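need a 3D model of the following:
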Amino acid sequence: MDDQNKNLIIATALSFVVILVWFVLFPPPEPDTPLDATATTELTPPAPDAVSTPSADVGAATPAPETDTAPSAIETAGRVAIETDRLQGSVSLLGGRIDELALTDYRTSLDEEAEIVRVLNPVGQQDAQYALHGWAAASGVDASAVPGPNTEWSLASGDTLRVDSPVTLSWDNGAGLVFTKEISVDADYMFTITQSVQNNSDTAASIAPYSILARHGEPSDLKNFFILHEGVVAMTDGEYSEINWDDMPEFEFNPRAGARTQEENITENGWIGFTDHYWMSVLIPTQGSAFKSVAKYDERRDIYQAETVMPVQTVAPGATIEATTQFFSGAKEWEVLRDYEQAGVYNFIDAIDWGWFAFLTKPIFWLLHHLNELIGNMGIAIIGLTLLIKAALFPLAYKSYVSMAKMKELQPKMEKLKEQAGDDRQKMQQGMMELYKKEKVNPAAGCLPILMQIPIFFSLYKVIFVTIELRHAPFFGPFQDLSAPDPTSIFNLFGVLPWAAPEGGTLLALVFIGILPLLLGISMWLQQKLNPAPTDPTQQMIFAWMPWVFMFMLGGFASGLVVYWIANNTITFTQQYLIMRSQGYTPDLLGNIKGGFSRKPKVEEKK
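Sure, this is the predicted structure:
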């Protein structure tokens, strides 16, 4: 086995093994059983003595979680409608909670009759999730003096929450403190909550503004896929952190909080909340001002909670205090998050799960996004991205293919060395090294383009899988969602026969692949035929099966990724053919193809 073929097989086998292990160990699981839609438990408030004293660094108190509330109380409480071009939902007057929100730009599937995506749901419904904003009683203040999660607020102004049309809620504690809460929303997914307290009594009161995001149980559509993070996301002074849903029950129990809590973080810039695959809800305190953030899990009621608490403020008699926070709830659109980051939300673009290869994933997505804006078709944009990546790697590919062409020219000399060395492998190796040095050939150069493709492949896979811009992104014809596997199938002759293709994830779907995987296999096979088949039978077998193994293995991957791989193979084929011809070696493509189908005659045994 010569070194050229050996290195090529090692590099190809490495990429094959990495992808195969990834595919086998981390397949998308079946959806979990939906949560019981009748679950009604909510967070329990601590006793007055459980409220923490102000921190030495921040001076913050701990917010009071929620009490058990019958669904009827939530259902009968008044509501204020939310209506914008991108959002519809409502704010409940029970606690002033934002607990009903749907994204009018997105549907759960490509079906025109599919339901609109919902990101917030009231208690008592499946996937209950909601945001609360209020004041925590600090030391010396009775908890009943501040509004709680189940306080009935009054609508002071406004009848519907729209862009540039805020609503104001109010509550009088009957002891001189009047609380107001103004809620506004922008044209995308950001709510701004301005809370104020007017003290009409003759006694000062110390209280701290807080925000709570609560979720009842794990999401019913939890994917549990290795490449994707779902759960808590937080940014604290430049440190991005993630906590999976199943890690939160492992927190240490905190008797003071009455729940399992992570270590509290004190920061001046950042945010905390929950993320799903494409949707996210995040609490954003005033940036540049100290606040405390913490994630909690109430195992008694299976409630996940994210909190932020701002410093304690003292409202003197006759005075008014105010606190402003933000709440994001919507799609993780790159442009929207970027605009919010530019407006002051610290490192908000990192809310997208860029993964370990963020240094590649971010620029790849940026380039793909702008190509799509320019071209108007995500599939063609992926092909354009492939062209640009191949252009960037062209100097490396050029050296590689030149080296491969020279290796072909050296084949007669290498065969002569083998004859001279016989069974002396050391002599053979020394002779080949001298030959490489004399002819200035690097036998490992052919591996580099293949190895360089591995991190790019996984980075693009990450981009296609996690970014919402690829969700339901059309290409042409039947390919209307590049984030999903190829919908066509040999089983029904790609739609010609009057029966449906096998359901995705089944054995039949794996066997009866679609158009794109077939093109992938053919493109790999043609690229392989630029070189004669190796003489070693083991190598022949590996090379013969490799394109078709990849074809079936990648058939269940996102079709956008398969489009990239087909384009990459096609461009690589063209580059290699032209470069090898420029070096005086013309690949015998037709002859190599015919040779692959010809049967070798059996060697007769010598008598």
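
can you dump the C-alpha coordinates of the host helix or strand of residue 212 into CSV?
Per DSSP states H and E, residue 212 falls inside strand 205-216. The C-alpha trace of strand 205-216 is given here as CSV (Å, rounded to 0.1, in the frame of the first residue of the first chain):
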residue,chain,number,x,y,z
ALA,A,205,-40.4,51.2,53.1
SER,A,206,-37.5,49.2,51.7
ILE,A,207,-38.3,46.9,48.8
ALA,A,208,-36.4,45.4,45.8
PRO,A,209,-37.7,45.0,42.2
TYR,A,210,-37.5,41.5,40.8
SER,A,211,-38.4,39.5,37.7
ILE,A,212,-39.4,35.8,37.6
LEU,A,213,-39.7,33.5,34.7
ALA,A,214,-41.4,30.2,35.6
ARG,A,215,-42.0,27.0,33.6
HIS,A,216,-44.1,24.1,34.7
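
show me where the stretch 451-600 of the chain has its helices.
Assigned by DSSP state H, counting those that start in this stretch, the helices in the stretch 451-600 of the chain fall at 507-511, 515-528, 537-553, 559-582, 589-597.

quick one: closest of those helices to residue 300.
Ranking those by proximity to residue 300 (CB to CB) places helix 507-511 first, at 42.2 Å. Yep, even glycine has a C-beta here, placed from its N, CA and C like the rest.

so how far is that closest one from its chain's centroid?
26 Å (CA atoms, centre = their mean, to the nearest Å).

list of residues touching that helix?
485, 489, 491, 501, 502, 503, 552, 555, 556 (CB atoms under 8 Å, 6 or more residues apart in numbering).

right, and the fourth one touches residue 491 too?
In other words, residue 501. Yes: counting by CB atoms under 8 Å, residue 491 is a contact partner of residue 501 at 5.5 Å.

sorry, back to before: paired strands for the strand holding residue 212, with orientation please.
Next to strand 205-216 in the sheet, as set by DSSP bridges, lie strand 129-137 (antiparallel), strand 303-309 (antiparallel), strand 313-315 (antiparallel).

and of the ones you listed, who's closest to residue 567?
Taking these one by one with CB to CB, strand 129-137 is closest: 40.2 Å.

so which bits of the closest one are buried?
Going by neighbour count (16 or more other CB atoms under 10 Å), the buried part of strand 129-137 is 129, 130, 131, 132, 133, 134, 135, 136, 137.

who are the packing partners of the helix or strand following it?
Sequence-wise, the next helix or strand downstream of strand 129-137 (DSSP H and E) is strand 154-157. Here strand 154-157 touches strand 167-172, going by 3 or more CB pairs under 8 Å, 6 or more residues apart in numbering; DSSP states H and E.

tell me the domain ranges of this protein?
The chain breaks down by automatic domain parsing into domains covering 55-170+180-196+205-314+325-340, 362-597.

out of these, deepest packed?
Greatest average neighbour count among the domains of the chain goes to domain 55-170+180-196+205-314+325-340 (a mean of 19), per mean count of other CB atoms under 10 Å.

which residue, other than its chain neighbours, is closest to the residue nearest the centre of the chain?
In the chain, the centroid-proximal residue (CA atoms, centre = their mean) is residue 466; its distance is 3.0 Å. Nearest residue to residue 466 in three dimensions, chain neighbours excluded: residue 353, at 5.0 Å (CB to CB, 6 or more residues apart in numbering).

next, count neighbours for that neighbour.
Per other CB atoms under 10 Å, the neighbour tally for residue 353 reads 21.

so who does it touch?
Counting by CB under 8 Å, 6+ apart, residue 353 makes contact with 228, 229, 242, 275, 462, 466.

which residues does the last one contact?
Residues in contact with residue 466, defined by CB under 8 Å, 6+ apart, are 227, 228, 277, 352, 353, 354, 355.

tell me which of the residues you listed is nearest to residue 283?
Using CB to CB, residue 352 is the member of the contacts of residue 466 that lies nearest residue 283, at 17.7 Å.

export the helix or strand hosting residue 429 to CSV, keeping only CA atoms.
Element membership for residue 429 (DSSP H and E) is helix 425-439. Taking C-alpha atoms only, helix 425-439 is exported to CSV below (Å, rounded to 0.1, in the frame of the first residue of the first chain):
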residue,chain,number,x,y,z
ARG,A,425,10.2,-2.7,4.6
GLN,A,426,12.8,-0.4,6.2
LYS,A,427,14.8,-0.2,3.0
MET,A,428,11.5,0.5,1.1
GLN,A,429,10.5,3.3,3.5
GLN,A,430,14.0,4.9,3.3
GLY,A,431,14.0,4.8,-0.4
MET,A,432,10.5,6.4,-0.7
MET,A,433,11.5,9.1,1.7
GLU,A,434,14.5,9.9,-0.4
LEU,A,435,12.4,9.9,-3.5
TYR,A,436,9.8,12.3,-1.9
LYS,A,437,12.6,14.6,-0.8
LYS,A,438,14.3,14.6,-4.2
GLU,A,439,11.0,15.3,-6.1
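
that helix - what's its average pLDDT?
Averaged across helix 425-439, the pLDDT comes to 76.
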